[in-house]
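Colleague: let's see this in three dimensions:
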Amino acid sequence: MTEPTSPPQVARGLEGIVAAATKIADVDGAKGRLTLRGYDINELSGRVTFEEVAYLLWHGKLPNRQELDDLNATLSKYRNLQPAVIDALKVVSKEATGMHVLRMGAATLSIGYDNSDSLASDIVENRAARLQAQMPAIVAHSWRLSQGLDIVEPKPEHGLAEGFLYMLEGKQPEPARIAALNAYLVAIAEHGLNASTFAGRVIIATDSDMVSALTGAIGALKGPKHGGVPGPVLSMLEEIGEPKNADAYIRAEMNAGRRIMGFGHRIYKVRDPRAALLGDAAEKMAELTGDRRLLELTSAVESTTVKVLAELKPGRDLYANVELYAALILHAVNVPSEIFTEVFAIGRTSGWTAHMIEQLEDNRLIRPNSVYVGEYGLAWKPISERA
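Modeller: Numbering: from 1, shown residues only. Here you go, the predicted structure:
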């Protein structure tokens, strides 16, 4: 039998539930505004390096010259992976790909460090920088190993974006590509209490370690409802081919009940501000390279899709999200589409670790309630009598 109860009031997906008070980021979906530690993202875009944004997220202020130099020195110090981690990547990269490799690789980052379980504030802040430094190496090294190529060791003088491209390709990247990747990393560094960030906070709230919390965040990002969209966006753009084909393609996809990749967002009811930032970065790169084909195609697809969505799904407020222009930027930078989500994880590590640090400042175990909706009063039967 079932106990008589009123219908349970459940916030599915925890929608509308305030689970944390944070000073790190504000995502205003109605106004299309993203604020990082008091700075509108537009105030930072094109003016700061990713390292400056990481420092801002961790420490609550933009660094002065000495602080930035110290951070860059710390990142350079930790960029090389431990030999045991390299050995693990060599084994794993033969059997797995993509986010599976990143999840397993990230889990090895406690190897070789005696204080991995310490949650002392100075150690945690240093560890955030170490993990940020090492994530690009895991992504670049595992990609090269999966392609049968030798690992390229990082150069100490490289910044994070430049160093990642160098480790990925084994050659000095062009300044335009470095600048575009830096703009991408700045745009996606932090975005409030999304699924992966919440997963990281839940894990660190148990007084677990930062490597475990990072691994859990990566596990959450792996799900296609949260991460993994830039690859399909690029496939969509390639299938459309030319701006003149956009209207027919979008209508056909919608009539078939399929989602249009790169549009719509759980929070934003207007255009994602990060799409605008990455569109501007793509414009700057096109000016430097002279290649405008994909930029013009993406712009045409956006305007056409918004028009068709407004016609066929009025009132739904479906606009371009960050993934539409992320696909454009990462393709232009020549990042393989198979590792688009892994590169996203590189940038988001700064936000993930900032939330871990904040959670530990006033830590309380995150333990929500649930409502039981099953049966009561069932009687045990011997196994021979069970249906």
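Colleague: what residues of the longest helix belonging to the chain count as buried?
Modeller: Scanning the chain for the longest helix, with DSSP state H as the assignment, gives helix 121-146. Residues of helix 121-146 classed as buried: 124-125, 127-146 (neighbour count, 16 or more other CB atoms under 10 Å). C-betas here are computed from N, CA, C, even on glycine.
Colleague: now the stretch 101-250 of the chain, which segments are flagged as low pLDDT?
Modeller: 228-230 (pLDDT under 70).
Colleague: would it be right to say that residue 110 lies in a strand?
Modeller: No - assessed with DSSP: H, G, I helix; E, B strand; the rest coil, residue 110 is coil; it does not lie in a strand.
Colleague: quick one: the helices in the stretch 101-250 of the chain?
Modeller: 121-146, 160-169, 175-188, 195-204, 210-222, 230-240, 246-255 (DSSP state H, counting those that start in this stretch).
Colleague: show me what the second one is in contact with.
Modeller: With contacts defined as CB atoms under 8 Å, 6 or more residues apart in numbering, helix 160-169 is touched by 49-51, 75, 79, 132-133, 136-137, 139-141, 143-144, 151-155, 158, 172-173, 177-178, 181-182, 185, 333-335, 343, 346.
Colleague: restricted to buried residues, select those residues in ChimeraX.
Modeller: With 16+ other CB under 10 Å as the criterion, this ChimeraX line picks the buried residues out of the contacts of helix 160-169:
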select :49,50,51,75,79,132,133,136,137,139,140,141,143,144,151,152,154,158,173,177,178,181,182,185,333,335,343,346
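Colleague: buried residues in stretch 55-65?
Modeller: 55, 56, 57, 58, 59, 62, 63.
Colleague: can you put these in JSON lines and add distance to residue 325 and pLDDT?
Modeller: As requested, the buried residues of stretch 55-65 are exported to JSON lines (distance: CB to CB, whole Å; pLDDT from 0 to 100):
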{"residue": "55", "distance to residue 325": "25", "pLDDT": "98"}
{"residue": "56", "distance to residue 325": "22", "pLDDT": "98"}
{"residue": "57", "distance to residue 325": "22", "pLDDT": "98"}
{"residue": "58", "distance to residue 325": "26", "pLDDT": "98"}
{"residue": "59", "distance to residue 325": "29", "pLDDT": "98"}
{"residue": "62", "distance to residue 325": "25", "pLDDT": "98"}
{"residue": "63", "distance to residue 325": "27", "pLDDT": "98"}
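Colleague: among these, which one sits closest to residue 227?
Modeller: residue 57 (19.0 Å; CB to CB).
Colleague: ok, that closest one - contacts?
Modeller: Taking CB under 8 Å, 6+ apart, one finds 24, 36, 37, 189, 190, 350, 351, 354 in contact with residue 57.
Colleague: next one: the fourth one from residue 332, what distance?
Modeller: This means residue 189. 19 Å (CB to CB, to the nearest Å).
Colleague: check what pLDDT residue 5 gets.
Modeller: At residue 5, the model reports a pLDDT of 57.
Colleague: returning to what we had before: distance from the longest helix of the chain to the middle of the chain?
Modeller: Centroid separation for helix 121-146 versus its chain: 14 Å, with CA atoms, centre = their mean, to the nearest Å.
Colleague: now do it: which elements does it pack against?
Modeller: helix 50-59, helix 65-78, helix 83-95, helix 98-107, helix 160-169, helix 210-222, helix 340-361 (3 or more CB pairs under 8 Å, 6 or more residues apart in numbering; DSSP states H and E).
Colleague: let me have the ones you listed in TSV, extended by distance to residue 115.
Modeller: Listed next are the helices and strands packed on helix 121-146 as TSV, based on distance: least, CB to CB, whole Å:
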stretch	distance to residue 115
helix 50-59	18
helix 65-78	14
helix 83-95	17
helix 98-107	17
helix 160-169	24
helix 210-222	11
helix 340-361	15
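Colleague: relative to residue 200, which of those helices is closest?
Modeller: helix 210-222 (3.9 Å).
Colleague: contacts made by that closest one with the rest, please.
Modeller: 99-100, 102-103, 106-107, 109-110, 116, 124, 127-128, 131, 195-204, 226-228, 341, 344-345, 348-349, 352-353, 356.
Colleague: list every C-alpha atom in it, with coordinates, as CSV.
Modeller: Output in CSV follows, covering the C-alpha atoms of helix 210-222 (Å, rounded to 0.1, in the frame of the first residue of the first chain):
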residue,chain,number,x,y,z
MET,A,210,40.6,19.2,-4.9
VAL,A,211,41.8,16.5,-7.3
SER,A,212,38.7,14.4,-6.5
ALA,A,213,36.5,17.5,-6.9
LEU,A,214,38.1,18.3,-10.2
THR,A,215,37.6,14.8,-11.4
GLY,A,216,33.9,14.9,-10.4
ALA,A,217,33.4,18.2,-12.2
ILE,A,218,34.9,16.8,-15.4
GLY,A,219,32.6,13.8,-15.0
ALA,A,220,29.6,16.2,-14.9
LEU,A,221,30.9,18.2,-17.9
LYS,A,222,31.2,15.0,-20.0
